[in-house]
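A.B. asks: compute the structure for the input listed below.
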Amino acid sequence: MTAIGAFIKIPLPIVPFTLQIIVVYLAGSLLGSKRGLQSQLVYVLVGLAGLPVFTQGGGFMYVLQPTFGYLIGFVAGAYTIGLIIERVEKPTRKHFIFANLFGTAVIYAFGVTYLYVALNLWLDVPTNLSHVLAAGLFSTVGVDIVLAILTSLLATRIYPLFNTIHSTKRGVQNELSNTSSRSY
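C.D. replies: Residues are numbered from 1 along each chain as shown. Okay, the predicted model is just below:
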């Protein structure tokens, strides 16, 4: 799903705007910290292995792209969102909004930092922080905040279904482990 979101894009200078972030929000909100992290990590590793799942292709050299930090942020963001939601017994819309907005901050922290370092160190494009913030934060963060809120509304509706599925699965696994540990 993240790869599909990568190809639904609006081209902007330096940092293209894609719908990948919606999948990151849903991964953290619905899959939880561990599985959300795993889903995004698999996406990044598949892209680094050479499959063209990133907005500009794939391959290990993609780590030199100035936008690679956002991909690292997706992994950390999904984990953070999941961690916040897992801490609440019955998350509400407010919990999902807070978690996704906090996850947005995590994604941008990794993305903007990496963008600044990449441009100034190995791409030899000397730029100041205000230019990096304009291109890597201010040009897209408003839309991402709206998407975080809209995705939170969707996650609020879907989460009870996922929670029921996970609870049922855990119950079946517990029952199977209890059955297998009994002596006959």
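A.B. asks: ok now the helix or strand encompassing Ser33, how far from the chain's centre?
C.D. replies: When elements are assigned from DSSP states H and E, Ser33 belongs to helix 32-48. Its chain's average C-alpha position is 8 Å from that of helix 32-48, according to Cα atoms, centre = their mean, to the nearest Å.
A.B. asks: and the next helix or strand past that helix?
C.D. replies: Beyond helix 32-48 on the C-terminal side, the first helix or strand identified by DSSP H and E is helix 68-86.
A.B. asks: next SSE downstream of that next one?
C.D. replies: Once the chain leaves helix 68-86, the next helix or strand it forms, by DSSP H and E, is helix 93-117.
A.B. asks: next, the angle from that following helix to helix 68-86.
C.D. replies: Counting by axes from the mean of the first three to the mean of the last three Cα atoms, to 10 degrees, helix 93-117 lies at 160 degrees to helix 68-86.
A.B. asks: which strands or helices does the helix or strand following helix 93-117 pack on?
C.D. replies: Moving toward the C-terminus from helix 93-117, the next helix or strand (DSSP H and E) is helix 129-133. When contacts are defined as 3 or more Cβ pairs under 8 Å, 6 or more residues apart in numbering; DSSP states H and E, helix 129-133 sits against helix 93-117. C-betas here are computed from N, CA, C, even on glycine.
A.B. asks: what residues of the helix it packs on count as buried?
C.D. replies: Using 16 or more other Cβ atoms under 10 Å as the test for burial, helix 93-117 gives 95-104, 106-108, 110-112, 114-116.
A.B. asks: contacts only, for Ile158.
C.D. replies: By Cβ atoms under 8 Å, 6 or more residues apart in numbering, the contact set of Ile158 is 26, 30.
A.B. asks: would you confirm that Val23 contacts Ala6?
C.D. replies: No. Applying Cβ atoms under 8 Å as the test, Val23 and Ala6 come out as separate, 9.0 Å apart.
A.B. asks: quick one: Leu26 is in a strand?
C.D. replies: No. Counting by DSSP: H, G, I helix; E, B strand; the rest coil, Leu26 is not found in a strand; it is helix.
A.B. asks: show me the contacts for it.
C.D. replies: Going by Cβ under 8 Å, 6+ apart, Leu26 touches 1, 151, 154-155, 158.
A.B. asks: before we move on, what about Leu71?
C.D. replies: Going by Cβ under 8 Å, 6+ apart, Leu71 touches 43-44, 47, 54.
A.B. asks: neighbour-wise, which of those residues leads?
C.D. replies: Highest neighbour count within these: Tyr43, with 26 neighbours (other Cβ atoms under 10 Å).
A.B. asks: can you pull the contacts of the closest residue to it other than its chain neighbours?
C.D. replies: Counting by Cβ to Cβ, 6 or more residues apart in numbering, Tyr43 lies nearest to Thr2, which is 4.4 Å off, once chain neighbours are set aside. Going by Cβ under 8 Å, 6+ apart, Thr2 touches 20, 23-24, 27, 39-40, 43, 53, 74.
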